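*Asks:* for reference, the sequence and a predicted model appear below.
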Amino acid sequence: MKRLVLFLAICTLVFPGCGELFDPAAAAVGGEKITSEEVQRGVDAFKGTEKFKQLAGQGDVEAVTRQFEQGFLATLVRRAVLQPKADELGIEVTDQDVDDQLASIKADFPNDQAYQEALEEQALDEAQLRELVSDRLLEDALRAEVTADVGPPDEELQAYYEENIDLYTFNRAQHILVKEPALARVISAELQRVPEKNIEKDFARLAKKHSTDAQNKGKGGDLGEQPGGTFVPEFEAALADLDEGEISEPVKTEFGFHIIRLISRRTAPFAEVAPEISEELAEPAKQEAFMRWLEEAYEDADVRINPRFGELDVATGQIVDATADDVPGAEAPKAPPSPTVPVDIPQPSQP
């Protein structure tokens with residue numbers, strides 16, 4: 001892949017007028033300029049945030065500023081590359097789409113103050129967040145469109161289903177969990193003597209009386225219908241050995257001693273789970289296909305970066321410093337700046 005910086009360096013030396021493209025532009029996408037002033041406004045706004053002060057206090061101010069500047073310009077370039085592609089494909093992100101997504105983000109926070117604090121931590125205001133949300137929605141829609149036909153063949157789906165049939169076998173069980181093995185043996189023996197017509201009622205009664213599983217004892221120990229692999233290995237192994245209606249001997253796990261009753265077992269048919277399997281297996285292929293499409297989109301857009309800001313890494317969409325290999329006489333690359341300057345859609349703090 002040709003290096004854009006090398007091209008621009010040669011262009012400036014041989015055709016001095018070519019430099020006018022970057023006067024006063026930070027980049028050009030499809031012949032349209034992204035001005036240096038626009039980038040500088042973003043940098044100036046960032047320098048006025050608490051996040052900048054925090055990061056600047058931890059490391060090299062120049063490196064922090066440079067990293068944000070390149071990241072901010074990369075976002076503007078990506079937006080300018082993808083919007084025309086979306087227009088070509090008839091993809092539109094409406095104000096209502098953005099409003100709905102913002103409402104969903106806000107709903108994850110306990111109150112407006114926590115939401116505002118998260119914005120401040122990310123050095124964002126409402127308008128900037130709205131742009132980021134719109135960008136993400138547009139990119140998600142583009143990804144869905146250009147990878148719609150990417151996926152594994154039916155034969156691969158069927159093979160995966162058969163090799164992992166346990167994942168699609170659903171067991172509904174109830175259990176009684178106790179700490180003492182002696183009590184577990186007593187309960188198990190009592191249940192073995194109960195007539196089949198009374199077993200469901202008596203099992204539930206004993207679960208409510210003895211079980212230490214506070215979450216499920218009120219439901220008679222009913223664990224609901226669960227796919228294979230849900231429980232710890234010892235529990236799973238005992239459950240697999242049971243026929244419907246059968247009750248286990250006490251089973252020891254890290255939680256104590258279980259008496260398990262299998263209520264029902266069913267295996268989901270292939271047709272029911274095929275879409276789920278397809279989505280799981282297709283994800284790596286879809287990601288690879290979308291990355292190829294993105295690279296082509298950048299190349300089609302004839303993206304040119306002012307060398308003062310660095311060079312475009314088409315594979316990642318990032319703007320990075322030029323190295324000595326890119327332009328003769330360029331400085332060797334410095335170590336990656338630390339700390340980094342993440343800018344992302346805010347998420348609520350974990351408890």
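*Replies:* Ah, there it is.

*Asks:* mind listing the helices for the stretch 151-300 of the chain?
*Replies:* Remark: helices assigned in the stretch 151-300 of the chain by DSSP state H, counting those that start in this stretch are 154-163, 181-192, 199-210, 233-240, 270-300.

*Asks:* measure the closest residue to Ala238 other than its chain neighbours to Pro284 for me?
*Replies:* Nearest-residue entry for Ala238: Val251, 4.4 Å, with adjacent residues in sequence omitted and distances by CB to CB, 6 or more residues apart in numbering. Backbone N, C-alpha and C define where each C-beta goes, glycine included. Separation of Val251 from Pro284 (CB to CB, to the nearest Å): 38 Å.

*Asks:* of these two, who's got more company?
*Replies:* For Val251 versus Pro284, neighbours defined as other CB atoms under 10 Å are more numerous around Val251 (21 against 10).

*Asks:* flag every buried residue along stretch 183-196.
*Replies:* Using 16 or more other CB atoms under 10 Å as the test for burial, stretch 183-196 gives 183-184, 186-188, 191.

*Asks:* can you check stretch 92-109 too?
*Replies:* Quick answer for stretch 92-109 (16+ other CB under 10 Å): 93, 98, 101-102, 105, 109.

*Asks:* re earlier: distance to Gln174 and mean pLDDT added to the helices of the stretch 151-300 of the chain, as a markdown table?
*Replies:* Converted to a markdown table, the helices of the stretch 151-300 of the chain look like this (distance: least, CB to CB, whole Å; pLDDT from 0 to 100):
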| stretch | distance to Gln174 | mean pLDDT |
| --- | --- | --- |
| helix 154-163 | 28 | 93 |
| helix 181-192 | 11 | 94 |
| helix 199-210 | 6 | 94 |
| helix 233-240 | 11 | 94 |
| helix 270-300 | 25 | 92 |
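
*Asks:* adding distance to Gln70, write these out as TSV.
*Replies:* Listed next are the helices of the stretch 151-300 of the chain as TSV, based on distance: least, CB to CB, whole Å:
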stretch	distance to Gln70
helix 154-163	41
helix 181-192	63
helix 199-210	61
helix 233-240	49
helix 270-300	16
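
*Asks:* closest to Ala26 out of those helices?
*Replies:* helix 270-300 (16.0 Å; CB to CB).

*Asks:* neighbouring contacts of stretch 273-291?
*Replies:* 143, 146-147, 150-152, 154, 156-157, 160-161, 168, 315 (CB atoms under 8 Å, 6 or more residues apart in numbering).

*Asks:* now these: which count as buried?
*Replies:* Buried, going by 16+ other CB under 10 Å: 143, 146-147, 151, 157, 160-161, 168, out of the contacts of stretch 273-291.

*Asks:* just give me the closest of the residues you listed to Val64.
*Replies:* Arg143 (31.0 Å).

*Asks:* mind checking the SS state of that closest one?
*Replies:* helix (DSSP: H, G, I helix; E, B strand; the rest coil).

*Asks:* residue contacts, Gln226?
*Replies:* Gln226 touches 170-173, counting by CB under 8 Å, 6+ apart.

*Asks:* so which of these would you say is closest to Ser211?
*Replies:* Using CB to CB, the contacts of Gln226 come closest to Ser211 at Ala173, 13.2 Å.
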